[in-house]
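# One predicted model, sequence on top.
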Amino acid sequence: MSMNSIAANQSRDAAPPKPPNPPGRFGRPNPLAFVLYVAAAAFVLVALQNSGLSIERLARGLPSISRILGQMFPPNMERLGPIALSLFETFQMAVAGTALGILFSLPLAILASRGLSPHPAVYYSARSLISFFRTVPDLIWALFFVIAVGLGPAAGTLAIMVDTIGFCGRFFAEAMEDTDTGPREALTAIGGSRTGMIFSAVIPQAMPSFINTSLFSLEKSTRSSVVLGLVGAGGIGIELKVAMDLFTYDIACTIILLVFLLVLVVEQASGYLRSKII
Amino acid sequence: MATSNTATVQPVYGESQAPAAPRPVPVADLSADPVCTIRNLTKSFSGSTHILRGIDLNIGQGESVALIGSNGAGKSTLLRCLVRLIEPNGGSIHLLDRPVMELGSRQLRRLRSQVGFVFQRHNLVPRLTALTNVLHGAQATQSGPRVWYQSLASSETRQHAMHCLDRVGLSDIALRRADQLSGGQSQRVAIARTLMQKPKFVIADEPVASLDPVAGVEVMDLFVQLLREDGITLLFTSHHLGQAIEFSDRVIGLQAGQVTLNCQSAKAHVSELKHVYE
């Protein structure tokens, strides 16, 4: 047996080298991160304590809850017609407000998209405006428009429109930023205009996301439109408030069930449309 | 186009004896009337990474020029600098009788409208039909919604787009979405888009690199044949040395941002072109 073959046999018999140990399951947090974790946990505990929630208080409230539920059922159907009409008005507010919001959010989203905005100043202004529309709650917008245009569905529609601009503007802008830049480059390379590039290369790519966001926005607006009536901005909210104020919980139950039905139908329909279109 | 790949590499200018390895080559003045003249072109990123280091090049009317070189040699950067998709740092470019570096944005768009650009990744808009993608080539000379979607286009433009699709053999799938096409079909649509533009000069960045070898040769064959029929000048990059020789009149090698090889394809041999990759 040659020296080479002996060496080969020895190396075959030798135990394979031990692989290195895996790294620790959890990395050690840096001191600053650790302090922030502890501070966040402490803040949550303090917030829970200051909210006044307690098991004892909940236990004391249970008889009232069961009394109200008892008075709610069976639901009172005497005012079904006017309530249904009011609910339809609520849904119309949601549809009109969402449609207007989508319409206005598209140009604003273009200005708020990195790479599509004509100037950094325009980009930051558009982003700031969208953030402002989004962060102010819709109920506050409703109060504002009730003062501006008076009581009724017009105020609610405007409030939903502004809220939709804040919601869709942000997601439309992000959807356009996430599109493949290849088609844009192709049209830029042949001297195409910025408008042409946006409408023929960016928007078609972002369209599934636009449809998705718009349908979510309609669902959100339908839920919001119910509440806006509480401040006089039209819709079924005022009916619910009156029923609660007069302790006619059976009528309130009818309204709540119809609102639930409407939201359910809108969610199912938008889910179906999403699956069909996208 | 040259088909021989058996002759030895001969620099266009310089000593008559072929060098063992590529070395910097003087500018080849192949054409008395070049459509593209590049002088001392430089480009660096972040001020320190030098991609192009003084490129000198002439390309004659109707010529087909292959640009070869390893990854990072500066091929794609050079192509993009020609129409200022990437802004060069220094030097001069004269393309189609225009000083590219001195053009304002409107003049640059006018120049780009005469320069076709074919990309490795096709850069089609995925959700739109093949016909609409071809129609986008008309954005080089027209603007407005009538060149955004085939359904909005004039009969004359639609007819021309169909003619371009027919030239690449895809008129039967005009209404198929781009994301449902094979790689070879996608690149044919991209070529049809370029034909729609009616360019005088075409730049192609590794046009068949994403295709299998058979489809790659077929598409390249069709591409070069169509451009020759229309008398269009072509500058393309390729990592496939056989194709570089077969489909070009001249091969130019780039190494670390410098032209180190400039030879006629008829006298080039694959084994000698490989030196560019060392």
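Happy to help now that I have it.
# domains for chain B, by residue range?
B:24-114+B:203-278, B:125-198 (automatic domain parsing).
# Count residues in the vicinity of residue B:195, would you?
By the criterion of other C-beta atoms under 10 Å in any protein chain shown, residue B:195 has 25 neighbours. From N, CA and C alone the C-beta is placed, and that goes for glycine too.
# and it, what element?
Using DSSP states H and E, residue B:195 sits within helix B:183-196.
# quick check: mean pLDDT across that helix?
For helix B:183-196, mean pLDDT rounds to 94.
# who's in contact with the residue in the stretch 151-278 of chain B that chain A sits nearest to?
The minimum distance from the stretch 151-278 of chain B to chain A, using C-beta to the nearest C-beta, falls at residue B:197 (5.4 Å). Residues in contact with residue B:197 (C-beta atoms under 8 Å, 6 or more residues apart in numbering or on different chains) are A:190, B:113, B:116, B:137-138, B:140-141.
# ok, now residue A:201?
Residues near residue A:201 by C-beta under 8 Å, 6+ apart: A:179, A:183-184, A:186-187, B:125, B:136.
# near chain B, which residues of the stretch 51-200 of chain A show up?
When proximity is defined as C-beta under 8 Å from any C-beta of the partner chain, the stretch 51-200 of chain A approaches chain B at A:180, A:182-183, A:185-193, A:195-196, A:199-200.
# Select only the buried ones of those residues in PyMOL?
Filtering these down to the buried ones (16 or more other C-beta atoms under 10 Å in any protein chain shown) takes a single PyMOL command:
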select buried, chain A and resi 182+183+185+186+187+188+189+190+191+192+193+196+199+200
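# Go through the residues of the stretch 51-200 of chain A next to chain B and name the one nearest residue A:90.
residue A:199 (34.5 Å; C-beta to C-beta).
# Count residues in the vicinity of the nearest residue to the closest one once chain neighbours are set aside, would you?
Take residue A:199 and drop its neighbours on the chain: the residue closest to it by C-beta to C-beta, 6 or more residues apart in numbering or on different chains is residue B:148, 5.1 Å away. The tally of other residues near residue B:148 (other C-beta under 10 Å) stands at 25.
# What of residue B:72?
Residues contacting residue B:72 under the criterion other C-beta under 10 Å number 13.
# For it, give me the backbone phi and psi.
phi 90, psi 0 (degrees, to the nearest 10).
# list the buried ones in the helix or strand where residue A:34 lies?
Assessed by DSSP H and E, residue A:34 sits inside helix A:31-50. By neighbour count with 16+ other C-beta under 10 Å, helix A:31-50 contains no buried residues.
# And the strands in the stretch 51-200 of chain B?
For the stretch 51-200 of chain B, applying DSSP state E, counting those that start in this stretch gives strands covering B:64-68, B:90-95, B:98-99, B:115-118.
# Packing partners of the shortest one?
This points to strand B:98-99. The helices and strands touching strand B:98-99, judged by 3 or more C-beta pairs under 8 Å, 6 or more residues apart in numbering or on different chains; DSSP states H and E, number zero.
# what lines up beside it in the sheet?
Under the criterion DSSP bridges, strand B:98-99 sits next to strand B:90-95 (antiparallel) in its sheet.
# With the first one instead?
Strands flanking strand B:64-68 in the sheet, each with its direction: strand B:233-237 (parallel), strand B:250-255 (parallel) (DSSP bridges).
# Mind giving me the packing neighbours of the helix or strand following the shortest one?
Elements were assigned by DSSP H and E; along the chain past strand B:233-237, the next helix or strand is helix B:241-246. When contacts are defined as 3+ C-beta pairs under 8 Å, 6+ apart, helix B:241-246 sits against strand B:64-68, helix B:213-229, helix B:270-273.
# Show me which positions of helix B:241-246 end up buried.
Going by neighbour count (16+ other C-beta under 10 Å), the buried part of helix B:241-246 is B:241, B:243-246.
# could I get these as JSON lines with distance to residue B:221 and pLDDT?
Output for these, formatted as JSON lines (distance: C-beta to C-beta, whole Å; pLDDT from 0 to 100):
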{"residue": "B:241", "distance to residue B:221": "17", "pLDDT": "92"}
{"residue": "B:243", "distance to residue B:221": "9", "pLDDT": "92"}
{"residue": "B:244", "distance to residue B:221": "14", "pLDDT": "93"}
{"residue": "B:245", "distance to residue B:221": "14", "pLDDT": "94"}
{"residue": "B:246", "distance to residue B:221": "9", "pLDDT": "93"}
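# So which of the residues you listed is the closest to residue B:266?
Among those, and counting by C-beta to C-beta, the member closest to residue B:266 is residue B:245, at 8.6 Å.
# shouldn't the closest one be in contact with residue B:65?
No - counting by C-beta atoms under 8 Å, residue B:245 does not reach residue B:65; the two are 11.9 Å apart.
# so what's in contact with the two at the same time?
What both residue B:245 and residue B:65 touch, as defined by C-beta under 8 Å, 6+ apart, is the set residue B:251.
# re earlier: please identify which of the strands of the stretch 51-200 of chain B is closest to residue A:237.
strand B:115-118 (56.7 Å).
# For that closest one, which strands pair with it and how are they oriented?
Counting by DSSP bridges, strand B:115-118 is paired with strand B:201-204 (parallel).
# Return the backbone torsion pair for residue A:166.
Note on residue A:166: backbone dihedrals following degrees, to the nearest 10 are phi -60, psi -40.
# per-residue confidence for it?
On the pLDDT scale, residue A:166 is placed at 96.
# For the stretch 151-278 of chain B, which residues are neighbours of chain A?
Along the stretch 151-278 of chain B, the residues adjacent to chain A under the rule C-beta under 8 Å from any C-beta are B:190, B:193, B:197, B:199.
# could the helices and strands packed on helix B:241-246 go into CSV alongside distance to residue A:221?
Output for these, formatted as CSV (distance: least, C-beta to C-beta, whole Å):
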stretch, distance to residue A:221
strand B:64-68, 55
helix B:213-229, 49
helix B:270-273, 64
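# out of the ones you listed, nearest to residue A:91?
With distances scored as C-beta to C-beta, the stretch of the helices and strands packed on helix B:241-246 nearest to residue A:91 is helix B:213-229 (53.5 Å).
# which ones are touching the residue nearest to residue B:85 when sequence neighbours are not counted?
Spatial nearest neighbour of residue B:85, chain neighbours left out: residue A:189 (5.8 Å); criterion: C-beta to C-beta, 6+ apart. By C-beta under 8 Å, 6+ apart, the contact list for residue A:189 reads B:83, B:85, B:112, B:115, B:117.
# got these as JSON lines, with pLDDT, distance to residue A:221 and neighbour count columns?
JSON lines is the format used below for the contacts of residue A:189 (pLDDT from 0 to 100; distance: C-beta to C-beta, whole Å; neighbours: other C-beta atoms under 10 Å in any protein chain shown):
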{"residue": "B:83", "pLDDT": "95", "distance to residue A:221": "46", "neighbour count": "24"}
{"residue": "B:85", "pLDDT": "94", "distance to residue A:221": "42", "neighbour count": "16"}
{"residue": "B:112", "pLDDT": "96", "distance to residue A:221": "43", "neighbour count": "26"}
{"residue": "B:115", "pLDDT": "96", "distance to residue A:221": "48", "neighbour count": "25"}
{"residue": "B:117", "pLDDT": "95", "distance to residue A:221": "44", "neighbour count": "27"}
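# Report the two of those residues separated the most.
Greatest spatial distance among those (C-beta to C-beta): B:85 and B:115, at 10.4 Å.
# okay, the angle between the helix holding residue B:195 and helix B:213-229?
If you take axes from the mean of the first three to the mean of the last three C-alpha atoms, to 10 degrees, helix B:183-196 sits at 10 degrees to helix B:213-229.
# what distance separates the helix holding residue A:34 from the middle of the whole chain?
Distance of helix A:31-50 from the chain centroid (C-alpha atoms, centre = their mean, to the nearest Å) equals 26 Å.
# which stretch in the domains of chain B is the model least sure about?
The minimum mean pLDDT among those belongs to domain B:24-114+B:203-278 (a mean of 89).
# hang on, the earlier thing: okay if I get the domains of chain B as CSV plus distance to residue A:44?
CSV is the format used below for the domains of chain B (distance: least, C-beta to C-beta, whole Å):
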stretch, distance to residue A:44
domain B:24-114+B:203-278, 44
domain B:125-198, 44
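# Many thanks, I have nothing further to ask.
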